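[1] sequence and computational prediction follow.
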Amino acid sequence: MTVQRPDPERDAAEVSEATAELLGTAAELSAADLAEPSLLPGWTRGHVLSHVARNADALTNLLTWARTGDETPMYADAATRDRDIEAGAARSPQEQLADLRESADRFTAAAAGLPPAGWAAQVAMRSGRVVAAAEVPWRRLIEVRLHHVDLDAGHGTQDLPADFADRALAWAVDGLAAHEGVAAVRLRDTDSGTVWDLGAAEEPELTVAGPARGLLAWVSGRGSGDGLDVSPAGHALPVLPPLV
């Protein structure tokens, strides 16, 4: 399976749907719930929601860059990004929800306001990777859907839409394929029969098989690999680098 080309209008519509689902989950969380740990090491649920809101603004900056031609980075710098997330982590549930909605609305407006030619503009992700602006709504969809899982509030990878899981798995694997320093592993999606090879080895000695959602959970660092089949038997799953 190849990585699906971005369709920014469709992806932006899916972002709105995913955001509504996230808001529904977040609305059920009390102040005590928000102070509990998330699935992300060192972050509470409040940190996750604060990050999702700031990410909306960061990606809105990239859409502004694409529209105006004026370089507008996602964040001023790494320290500012971290400080803003931390500052928002302990807010009340009402403040968290308002920020999530308002930042999401700003992103939606920026996407709707970008003329068709603007989607071809080149912008830089926080990692430094340069992408077409057309990829930005897809990146936002990844953030919203996977961080919904990270809340650890009853919505797991098994609840992700099948088409999103397929696409996100292909996207994640594309970043690990043929790379030196990545464990040589063959992945087999038992739902579709698709096979990918991670790392730079011509013939990986280890095969990991399972459904797309299970593979995505492991590859994205959101699952231990329970339920996946590893062959030859007896081998432990290797540690993969974090998604960039």
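    Sure thing, it's come through. Numbering: from 1, shown residues only.
[2] hang on, isn't Ala18 packed against His148?
    Yes. Using CB atoms under 8 Å, Ala18 makes contact with His148 at a distance of 7.1 Å. Glycine gets a C-beta too; all of them are placed from N, C-alpha and C.
[3] mind listing what's buried in stretch 183-195?
    Ala183, Val185, Arg186, Leu187, Arg188, Asp189, Asp191, Thr194 (16 or more other CB atoms under 10 Å).
[4] from these, which is closest to Pro93?
    Ranked by distance to Pro93 (CB to CB), the buried residues of stretch 183-195 are led by Asp191 at 36.8 Å.
[5] contact partners for the nearest residue to Gly154 once chain neighbours are set aside?
    Once flanking residues are discounted, Gly154 sits nearest to Thr25: 7.0 Å by CB to CB, 6 or more residues apart in numbering. Applying CB atoms under 8 Å, 6 or more residues apart in numbering to Thr25 gives the contacts His148, Leu151, Ala153, Gly154, His155.
[6] again with Arg106
    Listed by CB under 8 Å, 6+ apart, the contact set of Arg106 reads Ala56, Asp57, Thr60.
[7] next: Glu86.
    Glu86 is in contact with His47, Ser50, counting by CB under 8 Å, 6+ apart.
[8] mind checking how far it is from Arg54?
    Distance of Glu86 to Arg54, computed by CB to CB, to the nearest Å: 10 Å.
[9] from the contacts of Thr25, which would you call buried?
    Applying 16+ other CB under 10 Å to these flags His148, Leu151, Ala153, His155 as buried.
[10] on that earlier part again, may I see the contacts of Arg106 arranged in a markdown table, with secondary structure, neighbour count and pLDDT as well?
    A markdown table is the format used below for the contacts of Arg106 (DSSP: H, G, I helix; E, B strand; the rest coil; neighbours: other CB atoms under 10 Å; pLDDT from 0 to 100):
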| residue | secondary structure | neighbour count | pLDDT |
| --- | --- | --- | --- |
| Ala56 | helix | 26 | 98 |
| Asp57 | helix | 18 | 98 |
| Thr60 | helix | 23 | 98 |
